[in-house]
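**Student:** Pasting the sequence and the predicted coordinates here, then a few questions.
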Amino acid sequence: MGVDELRLLLDEVPDTRELVLRRPERSSAEHSAWSEAHDEAAGAYRAWRSQRTREAYAAYRAAQDREDAAQDILAAQRG
């Protein structure tokens, strides 16, 4: 699957505005969401650095975008 095909596929997924957390909450749901997004982005970055494919880069950027969004929500909550 190419990057453009992946983008088209992901654009069709509806945004339900639900958070799915892998770990039990230690603090707020917002902090847990950011923490998980951060871990996912770090793993995706490592995968991209080792694979150097377009697909790995697209996965890394998508994970980084999720981390950025979670960080914005966390910052707004604390601000």
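**Tutor:** Structure received.
**Student:** mind checking which helix or strand the nearest residue to Ser28 once chain neighbours are set aside is in?
**Tutor:** Residue nearest to Ser28 in three dimensions, not counting chain neighbours: Gln77, with 7.1 Å by C-beta to C-beta, 6 or more residues apart in numbering. Every C-beta, even on glycine, is put in place using the N, C-alpha and C of the backbone. Assigned by DSSP states H and E, Gln77 falls within helix 54-78.
**Student:** gap between that helix and the chain center?
**Tutor:** 5 Å (C-alpha atoms, centre = their mean, to the nearest Å).
**Student:** so where's the protein uncertain?
**Tutor:** In the predicted model, the chain carries pLDDT under 70 at residues 1, 19-26, 79.
**Student:** If we use 90, what do you get?
**Tutor:** Along the chain, segments meeting pLDDT under 90 span 1-33, 74-79.
**Student:** Let me know how buried the residue nearest to Ser28 is, in neighbour terms.
**Tutor:** Gln77 has 11 neighbouring residues, counting by other C-beta atoms under 10 Å.
**Student:** ok so, going back, which neighbouring elements make contact with the helix holding Gln77?
**Tutor:** With contacts defined as 3 or more C-beta pairs under 8 Å, 6 or more residues apart in numbering; DSSP states H and E, the packing partners of helix 54-78 are helix 3-11, helix 29-51.
**Student:** List the buried residues for stretch 27-37?
**Tutor:** Glu30, His31, Ser32, Ala33, Trp34, Ser35, Glu36, Ala37 (16 or more other C-beta atoms under 10 Å).
**Student:** The fourth one reaches Asp72, doesn't it?
**Tutor:** No. If you go by C-beta atoms under 8 Å, Ala33 and Asp72 don't touch, sitting 11.2 Å apart.
**Student:** How is Val13 assigned, secondary-structure-wise?
**Tutor:** coil (DSSP: H, G, I helix; E, B strand; the rest coil).
**Student:** tell me the phi and psi of it?
**Tutor:** phi -80, psi 120 (degrees, to the nearest 10).
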